[in-house]
Structure formats: C-alpha cells, structure tokens
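In: 3D, please:
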Amino acid sequence: MRRSFRKLAMAAGAAVASVAFATPAATAGVAAPAWTVGPNSPETFSAASGLVVFGWGTNALIPMTCPSSAMRGNLTSASGTTNVQVGAIAPLTWSGCSSPFGPVGPFADTSTPWKLMANSYTTGVTRGYISGVKLTFRMLTCSMTVSGRLATTYTNSTGELKVNNDSTYELTVGTASAGCAGLTAVGDNWAYEALYSVTTPSGGTTKPSIVYTP
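Out: I've put the predicted structure just below:
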C-alpha cells in the first residue's frame, strides 16, 4: 500500500513539473505587439513644413503665422500598444513669423528632445502625439513660455506628419511677463497647425513608414 501511494505521489510530482516546464514553451513563440519603423531603425529624419499657424492670446484668437518650419530627429521601432515612443525631435525651428502686432520670435526648447508617440494605427496611418513640447515667445515687450502636447497624424503613403492641437493635446501658457497684459495670461491654451513632409535619413528623400503589428 505504501509503495502504491509513493508511486502516485511521484507520478503527480512529475506531472506538475512537466506542466511547469511546458508553460513557457507554449508562450515563447507569441510575438509582443510592436511599432516598426521602416525602411531602417533606428534612423535619422528631417521634416519641413510650409505655412504654420499659431492661435494665441485669450481664447487663441490672435493669429501668428510662420511661412516655414523645419525639424530633425530620430525614429526607432519599439514594442507596446499605446503611448509608445517611436521618435525624438531635436531641433525644431520656425522662420519669418509675424502677427498683427509685428514680428514674433518663437523658440523651441529641445534641450530635452520632444517625444513622438504612437497611439493607434489604421491602414498606414498612425495617430499619436508629441510630448515634452516647450516654447518661448517674444513680441515687443511681451515674453512667455508655453508647454504641453500636440496631436499628430502620420501617413505612410504621403510621408506627411500633421501636427495640431485638440481637446486632449494642447499647449498652455505657463509664464507671461507684464508686457503680455491684455494679450495673453497664464493658463491660456494655444492653437497650432502644421503639415510636415518627412524624409529619412536626415536630408534624404525616402518617406519613412510606421507599421503596427498587434
């Protein structure tokens, strides 16, 4: 009788061990969700935009336009589903900006590179946002800092990156000098709209691709 119980115990132990060792093998071949940057990763990129429109001041009613903007950075494949970083932006510049009150100097603080994040994907179109946005604006006696996030839409077929604000991703005034009184105030939200043509490597001619595999 003791031998029978001993044999049963040994058999049960062997069965448990076999299940324990077999479990990792059953999941080892399952690939994690991933965002794949092509044709190469990691890779540098550059991007140029025509007209850029800012809306600033109380209720973002004061228009500011820049005839051109340029950015550079890096693109990198990454694993994950949402809120996944697929790129970094540094530097970013605007040229020839003006407003109803005269020339305006917007400056991007990319000492900490801005992050290009991916959130959703549908047939060659990646939607996400840019985080870590920090700007300084100077006009006449008014100077201010603005920070936040901006919504993005990247289309593989055209190589175009649309950057804009929405109800979730927006820019907010953090500080404003006394010279800004009556124009803008701390807490005001700004509008932004630009369409960048992206190429890789930086200065190249190839449109990069971003593809999500669930």
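In: Low-confidence regions, the protein specifically.
Out: Where the chain drops to pLDDT under 70, the residues are 1-30, 58-59.
In: Spatially central residue in this protein, please.
Out: Centroid check for the chain by C-alpha atoms, centre = their mean gives residue 116 as the closest residue, at 2.2 Å.
In: ok now whichever strand or helix holds residue 196, how far from the chain's centre?
Out: Using DSSP states H and E, residue 196 maps to strand 189-199. Here strand 189-199 is found 12 Å from its chain centre; the criterion is C-alpha atoms, centre = their mean, to the nearest Å.
In: And stretch 48-55, by the same measure?
Out: Using C-alpha atoms, centre = their mean, the offset of stretch 48-55 from its chain centre is 18 Å.
In: How about residues contacting that stretch?
Out: Residues outside stretch 48-55 that contact it (C-beta atoms under 8 Å, 6 or more residues apart in numbering) are 61-70, 94, 97, 106, 190-197. Glycine gets a C-beta too; all of them are placed from N, C-alpha and C.
In: Determine how far stretch 147-160 lies from the middle of the whole chain.
Out: When C-alpha coordinates are averaged (C-alpha atoms, centre = their mean), stretch 147-160 and its chain have centres 8 Å apart.
In: Give me the buried positions along that stretch.
Out: If you call a residue buried by 16 or more other C-beta atoms under 10 Å, then stretch 147-160 has these buried ones: 148-156, 159-160.
In: Mind exporting the C-alpha coordinates of it to PDB?
Out: The C-alpha trace of stretch 147-160 is given here as PDB (Å, rounded to 0.1, in the frame of the first residue of the first chain):
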ATOM      1  CA  SER A 147       4.300  73.900 -22.900                       C
ATOM      2  CA  GLY A 148       2.200  70.800 -23.400                       C
ATOM      3  CA  ARG A 149       1.500  68.200 -26.000                       C
ATOM      4  CA  LEU A 150       0.300  68.300 -29.700                       C
ATOM      5  CA  ALA A 151      -1.700  65.700 -31.600                       C
ATOM      6  CA  THR A 152      -0.100  64.000 -34.600                       C
ATOM      7  CA  THR A 153      -1.200  62.000 -37.600                       C
ATOM      8  CA  TYR A 154       1.400  60.400 -39.800                       C
ATOM      9  CA  THR A 155       0.500  58.900 -43.200                       C
ATOM     10  CA  ASN A 156       2.900  56.300 -44.800                       C
ATOM     11  CA  SER A 157       1.800  56.800 -48.400                       C
ATOM     12  CA  THR A 158       2.500  60.600 -48.400                       C
ATOM     13  CA  GLY A 159       5.200  60.900 -45.700                       C
ATOM     14  CA  GLU A 160       3.300  63.700 -44.100                       C
END
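In: returning to what we had before: would you give the sheet partners of the next helix or strand after the strand holding residue 196, along with the direction of each?
Out: Per DSSP H and E, the first helix or strand lying C-terminal to strand 189-199 is strand 209-213. Strand 209-213 pairs in its sheet with strand 34-38 (antiparallel), by DSSP bridges.
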